[in-house]
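Visitor: coordinates for the following, if possible.
(one chain, ligands or ions: 1)
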Amino acid sequence: MKYSFFLTFLLSSLFSFAQSKLSNPEEDCEFVLPWTCNECTFNWTGECLNNLPQGNGVLTVFHGSDEIMRYEGEMEKGTFNGEGYYKDGMNEMEGVFENGNFIDNNPYALQRKAIIDTISFNDTKDWELKSQFTKQIDNLHFTFPSKGYGYTNRDKLLKECVDAFNANCKIINDPDYTEFTQIIFVDSKKEMLLHSGLYIKGGAANIYRRTVHMVVFDNGIESEKRTNPPIKHEIMHMVSMTAWGIPPINVTWLNEGLATYAGDKCSGYSVSELYRFFLEKKMLVSMDSLSENFYQIEEMIGYHQSACIVEYLIENYGIEKLEALWKNGLTSFENIYGLSFSQMEMDLNKHILKKHPLVPNIDWSVLKEGCK
Ligand SMILES: [Zn+2]
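Guide: Predicted structure coming up:
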């Protein structure tokens, strides 16, 4: 099993950190650049409302005479919001922006074009009837393939999902999950692409559409072993974001950490055993990386390091504080917990060394490929 994202991606993680406020005296307009550049200037062809770019236009940022950033599209209150095209020295993206974040930009979107023939989802050029099995249990609507491993094991998988909703509600102290939600099992990565838009194995939770997609197939298909769908992980995304909202970008690690913590063991190792291994091998990443570039970190490290932090915070400080951190973001950590993040990390490392004096015998080259 490899983990998957929840579907919000950021334009730039730098948004929540270093910034420079650029002003344009001619227009009496200001733009906050998401990184530090005190000598930069900007130009905006559209209107300004309350001194902030608003509506449609082209925004260009200059360093001297060099254009270093360009955005063409809709803005609201000075942030990219709506249809737009963005380009800077490292990034180029076109699509929909929301509060400065680029939505649904994922590494697979670029990859999948090269990998898969998207004009052959149907076998013939004519109309085709495709069958599925569906079942509804209160607010949960399930869809399964009409044959194969997912079909044969549909009752077991459905029960695992229902149990996961209950167990996850318990973890975050939520009385009940009552949102109408679709759980859709598909039997290949290709079907995953067709239904979720993501060419991935594993699963994906879409909080906006209240939909969870998971891939499940048996040995022999796509030359893969049986998949082990991350049911508790993806359902925790749904439960936690429904109860607490979508967290600020600098605590995406908390969102993935909580989901991974709920998912529990990976290849038989607990999250604290995995943390112990990474600690020993000096593979843990800095808090800056966790909070700024979560999805760029080696997956098995980022997800399990975060899960271990979540486990430690819940066990030692309770779920209410975690909820507060989720809602208020990383900058509120010290206020909520009464100690700095780095102090907490030191305490955690001490705790882990005591809990697991011996380093688990993990083969990194195997673990790297995902939880078995
Ligand atoms: Zn996830």
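Visitor: please make it C-alpha for all contacts and neighbour counts, starting now.
Guide: Will do.
Visitor: distance of T252 from the ion?
Guide: Distance of T252 to the ion, computed by Cα to the ion, to the nearest Å: 9 Å.
Visitor: for V61, that is, sorry about that
Guide: V61 sits 35 Å away from the ion, going by Cα to the ion.
Visitor: so that residue makes contact with E39?
Guide: No: using Cα atoms under 8 Å, V61 is not in contact with E39; the gap is 10.5 Å.
Visitor: more crowded one of these two?
Guide: Shown here are V61 and E39; by other Cα atoms under 10 Å, V61 has more neighbours (21 against 10).
Visitor: who does Y85 form a beta bridge with?
Guide: For Y85, the beta-bridge partners are E72, E94 (DSSP bridges).
Visitor: can you report how many residues lie near it?
Guide: 19.
Visitor: spit out the contact partners of it.
Guide: Under the criterion of Cα atoms under 8 Å, 6 or more residues apart in numbering, the neighbours of Y85 are 71-73, 92-95.
Visitor: all helices for this structure, in order.
Guide: For the chain, the helices defined by DSSP state H occupy 107-115, 148-152, 154-171, 189-196, 231-244, 252-263, 271-280, 287-292, 299-317, 319-328, 333-337, 341-355, 364-367.
Visitor: for the fifth one, which positions count as buried?
Guide: Pointing back at helix 231-244 there. Within helix 231-244, the residues scored as buried using 16 or more other Cα atoms under 10 Å are 231-243.
Visitor: can you narrow those to ones near the ion?
Guide: By Cα under 5 Å from the ion, no member of the buried residues of helix 231-244 lies near the ion.
Visitor: could I get those residues as JSON lines with pLDDT?
Guide: Below are the buried residues of helix 231-244 laid out as JSON lines (pLDDT from 0 to 100):
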{"residue": "I231", "pLDDT": "95"}
{"residue": "K232", "pLDDT": "96"}
{"residue": "H233", "pLDDT": "96"}
{"residue": "E234", "pLDDT": "96"}
{"residue": "I235", "pLDDT": "97"}
{"residue": "M236", "pLDDT": "97"}
{"residue": "H237", "pLDDT": "96"}
{"residue": "M238", "pLDDT": "97"}
{"residue": "V239", "pLDDT": "97"}
{"residue": "S240", "pLDDT": "97"}
{"residue": "M241", "pLDDT": "96"}
{"residue": "T242", "pLDDT": "96"}
{"residue": "A243", "pLDDT": "97"}
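Visitor: in the stretch 151-300 of the chain, which ranges drop under the pLDDT threshold?
Guide: 219-226 (pLDDT under 70).
Visitor: so which bits of it are right by the ion?
Guide: So the stretch 151-300 of the chain meets the ion at E256 (Cα under 5 Å from the ion).
Visitor: if I look at the residue of the stretch 151-300 of the chain found nearest the ion, how far off is W326?
Guide: Nearest to the ion in the stretch 151-300 of the chain, going by Cα to the ion, is E256, at a distance of 4.8 Å. Distance of E256 to W326, given as Cα to Cα, to the nearest Å: 11 Å.
Visitor: now V162
Guide: V162 is 25 Å from W326, by Cα to Cα.
Visitor: list the buried residues of stretch 202-213.
Guide: Residues 202-207, 211-213 are the ones in stretch 202-213 that count as buried (16+ other Cα under 10 Å).
Visitor: got it, and stretch 291-307?
Guide: Result for stretch 291-307 [16+ other Cα under 10 Å]: buried residues 291-295, 299-307.
Visitor: now those residues as a markdown table including distance to E128?
Guide: Shown next, in a markdown table, are the buried residues of stretch 291-307 (distance: Cα to Cα, whole Å):
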| residue | distance to E128 |
| --- | --- |
| S291 | 46 |
| E292 | 46 |
| N293 | 43 |
| F294 | 42 |
| Y295 | 38 |
| E299 | 39 |
| M300 | 40 |
| I301 | 44 |
| G302 | 43 |
| Y303 | 41 |
| H304 | 43 |
| Q305 | 46 |
| S306 | 45 |
| A307 | 44 |
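Visitor: and of the residues you listed, the nearest to L330?
Guide: Each of the buried residues of stretch 291-307 was checked against L330 using Cα to Cα; the closest is S291, at 7.9 Å.
Visitor: now for that closest one: which residues touch it?
Guide: Contacts for S291 (Cα under 8 Å, 6+ apart) come out as 13, 249-253, 330.
Visitor: that one and G329: what is the separation?
Guide: As judged by Cα to Cα, S291 and G329 stand 10 Å apart.
Visitor: circling back to that earlier point, so for V162 and W326, which sits in the more crowded spot?
Guide: W326 (26 against 15).
Visitor: quick one, domains of the protein?
Guide: Structural domains assigned to the chain are 13-105, 132-367, following automatic domain parsing.
Visitor: would you mind telling me which of these is nearest T118?
Guide: Once the domains of the chain are compared by Cα to Cα, domain 132-367 is nearest, at 8.5 Å.
Visitor: can you give me the end-to-end span of that closest one?
Guide: Counting by Cα to Cα, you get 34 Å between the two ends of domain 132-367.
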